[in-house]
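**Q** everything below, folded, please.
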Amino acid sequence: MASTPRNKEGFNIVIIFNVPEARNQLLENGVVFTYRWTPRKKTGADWANSKRCSKKIADVYIEDYGERSCDEFSLGSFASESGFNDTTSWIKKIMEQANPNGNSYGHLYKVTRRSQQLRKTSVSRSESAEHPDTGEADTTASPLKAEAEKGEKEK
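**A** Residues are numbered from 1 along each chain as shown. Below you'll find the model as predicted:
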């Protein structure tokens, strides 16, 4: 089993998105508001995955929006970027999640993708564009494509 990276204090440095609605919101739109019953020990630059011990799905930046009640008044203005159709659906899903404290309040976080592209291990040549003047591969549009093309030339 792969170990989860830890920061110097020994805390896990990953945020898990096991709820498909929130995960898809992050991956497709680059930002998601997520409600967690337990406060995170780390915010700022981090990475995300879809379940414990799984591969990274995105590099992210996490901002703490503070402790909030789990109700329409506290969460309503953030629901449009939660991945759910409305505040009621979002709150219903939150209430289904484990609540170790048994409290009616939790913590709201804004999670933003640090890159608008998923990391790829390789990119095929057919995905690269050619520069209109030189006919050379145009790598200005995507650093991932540039890395892949560099790797292909070195082979």
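**Q** given whichever strand or helix holds Gly106, what are its sheet partners and their directions?
**A** For Gly106, the host element (DSSP states H and E) is strand 105-113. Applying DSSP bridges to the sheet, strand 105-113 is found paired with strand 31-36 (antiparallel), strand 56-69 (antiparallel).
**Q** and the next helix or strand past the shortest one?
**A** Going back to what we said before, that points to strand 31-36. strand 44-49.
**Q** about what we covered before: looking at the strands paired with strand 105-113, which is closest to Ile15?
**A** strand 56-69 (6.2 Å; CB to CB). Yep, even glycine has a C-beta here, placed from its N, CA and C like the rest.
**Q** ok, what's across the strand from Tyr105?
**A** Residues in beta-bridge contact with Tyr105 (DSSP bridges): Ser69.
**Q** coming back round to it: any idea of the angle the strand holding Gly106 forms with strand 44-49?
**A** 90 degrees (axes from the mean of the first three to the mean of the last three CA atoms, to 10 degrees).
**Q** buried stuff in stretch 91-107?
**A** Of all the residues in stretch 91-107, those buried under the rule 16 or more other CB atoms under 10 Å are 91, 93-94, 106-107.
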